[in-house]
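Colleague: my questions are about this predicted structure, shown below with the sequence.
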Amino acid sequence: MFPSPGDAIRTRANGVVPHCSQASDCRLNGHSGLLCRSTSKALITGGGGYFGYHLGCALASQGVRVILFDRHKPRWEIPNKAVFIQGDVRDHDAVFKACEGVDCVFHAASYGMCGSEQLEKEEEIESINVGGTKVVIEVCKKRSISRLIYTSSVNVVFGGTDIEDGDEETVPYILLEKEVDHYSRTKAIADQMVLGANGTLLKGGDKLQTCVLRPPGIYGPEEQKHIPRVVGNIQRRLLSFKFGDPNTLMNWIHISNLIQGHLLAAVALTADKDYIASGQPYYIHDGENVNFFEWIAPLYEKLGFQKPWIHLPTYLVLMAATFLEYAHLLLKPVFSFTPFLTKREVMKLLITHTFRIDKAQKELGFYPKKFMLAETVDHYLKTRPKHQDQSWLTIIFLTFGVFCMFIPFVFLSLTHS
Ligand SMILES: NC(=O)c1ccc[n+]([C@@H]2O[C@H](COP(=O)([O-])OP(=O)(O)OC[C@H]3O[C@@H](n4cnc5c(N)ncnc54)[C@H](O)[C@@H]3O)[C@@H](O)[C@H]2O)c1
């Protein structure tokens, strides 16, 4: 939801110690031996990103040789037993070459999830999320790689209507022609492609075993997309208000729980586990339904700000988000900024979308560990880059807000005159 270009985490070269400790936080519930026996070399697309890199660390710590494949180098130090290969997931030859000797692929590369990325050209998002997935599946077939795990998203079923305790069987994919963002639509296509490829016969007689994991928003130490953006918005006083119904709920997942889910899925695609996960989707999260403003409350406290008590009408926030999206598009050629919230992000905060994780618990043995957002915040505050003053954004937003408040009155007086 919330990336900010200025909020990059610094590497060791810049003075901040890199972090690979999520690996040790993650519980494998006794499946560690099975993982090592089945996996000697794994490739992670998107291995330079937050989740892909930390998954790589976890695999390497279990003794698996790891290829981190990404178009961008990770910000952190490459762990022992891992190598980084720079390449584009849409480039068939590059993916094919990188997959030499690989027996399990984790496909986590994606584009267009949040903030200004979400407003990028449809073709770019589609070519990566759909085209890239097609390439990954083709390469698995050509290389006879028998396991493919796709990092999908709850967005593949969330089209703007309430989902309460949704599960894998009863909640359908969003209709692709329905007006949602390109990211969700393309993730839904990729999710179906990966599940559709399950059972493909490979050279040598094996079958391709695939599964998809559908997490909600990811958080954890050194996370880049959500926490830094929320912190920035609190500091700019752009989140000094609440909106929406306090009963609106959503899920989140800590990076360690996400890693746990992926490692367990890799084991559940083997004969040791009777291929139980083959062709299956799974919702995974921390096991709690939370209201967004309640969930981020520790941030206000840690930053020394008052918790928001002003409740803004929803239409105002949606209008502001629309205005900022247009401003972003208009100004993009000369100046790029991340809207404090996009329309899609506002919508996600207004509508309940919660999921059950029973299937992942039962079939994968997924038991999320309890994490506190406050711990993530402490880590972020210790390592964050210096705050950039963007108070002018606040001024634009507030001016626009005041302007919008008068619109209904002007409208009413015009229709009554
Ligand atoms: N972050 C979240 O809150 C969230 C929520 C649900 C699902 N997911 C999914 O989890 C996965 C990992 O998310 P993340 O938060 O680590 O994102 P991230 O942006 O940190 O990582 C994605 C990586 O994919 C790489 N990538 C993009 N296009 C590529 C291309 N053409 N070729 C090669 N690499 C490319 C990027 O460089 C980046 O390093 C993604 O598939 C995302 O859709 C994320």
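Modeller: Okay, I see it. None of the values given here were measured: they were computed from a predicted structure.
Colleague: pLDDT weak spots in the stretch 251-400 of the chain?
Modeller: The model of the stretch 251-400 of the chain has pLDDT under 70 over residues 385-400.
Colleague: can you do 80?
Modeller: 332-340, 383-400 (pLDDT under 80).
Colleague: same check, this time on the stretch 1-150 of the chain
Modeller: Within the stretch 1-150 of the chain, the segments meeting pLDDT under 80 span 1-34, 36-37, 114-121.
Colleague: hmm, try it at 70
Modeller: Applying pLDDT under 70 to the stretch 1-150 of the chain picks out residues 1-30, 115-120.
Colleague: now the helices: where do they sit in it?
Modeller: Secondary structure of the stretch 1-150 of the chain by DSSP state H, counting those that start in this stretch: the helices cover 22-25, 32-38, 50-61, 92-98, 115-118, 122-126, 132-142.
Colleague: next one: the stretch 301-417 of the chain
Modeller: 314-331, 343-350, 358-359, 373-383, 391-416.
Colleague: rewinding a little: most neighbours per residue, which of the helices of the stretch 1-150 of the chain?
Modeller: helix 50-61 (a mean of 27; mean count of other Cβ atoms under 10 Å). Glycine gets a C-beta too; all of them are placed from N, C-alpha and C.
Colleague: centre of the chain to that helix, how far?
Modeller: 15 Å (Cα atoms, centre = their mean, to the nearest Å).
Colleague: contact residues of this structure facing the ligand?
Modeller: 45-46, 48-52, 70-72, 88-90, 108-111, 113, 128, 132, 151, 153, 215, 217-218, 225 (Cβ under 6 Å from any ligand atom).
Colleague: most proximal residue of the stretch 301-417 of the chain with respect to the ligand?
Modeller: Closest to the ligand within the stretch 301-417 of the chain is Lys348: 10.9 Å, counting by Cβ to the nearest ligand atom.
Colleague: leaving out the residues flanking it, which one is nearest to Glu288?
Modeller: Excluding the flanking residues, the one nearest Glu288 by Cβ to Cβ, 6 or more residues apart in numbering is Asn251, at 7.1 Å.
Colleague: again with Glu363
Modeller: In this structure, Glu363 finds its nearest non-sequential neighbour in Ile276, 5.1 Å apart by Cβ to Cβ, 6+ apart.
Colleague: list the buried residues of stretch 303-312.
Modeller: Buried residues in stretch 303-312, defined by neighbour count with 16 or more other Cβ atoms under 10 Å: 308, 312.
Colleague: an error on my part: the question was meant for stretch 204-216.
Modeller: Buried residues in stretch 204-216 (16+ other Cβ under 10 Å): 208-216.
Colleague: turn those into TSV, columns for distance to Leu381 and secondary structure.
Modeller: Output for those, formatted as TSV (distance: Cβ to Cβ, whole Å; DSSP: H, G, I helix; E, B strand; the rest coil):
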residue	distance to Leu381	secondary structure
Leu208	45	coil
Gln209	43	strand
Thr210	40	strand
Cys211	37	strand
Val212	35	strand
Leu213	30	strand
Arg214	31	strand
Pro215	25	coil
Pro216	24	coil
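Colleague: quick check, nearest of those to the ligand?
Modeller: Distances from the ligand to the buried residues of stretch 204-216, taken by Cβ to the nearest ligand atom, are shortest for Pro215, at 4.6 Å.
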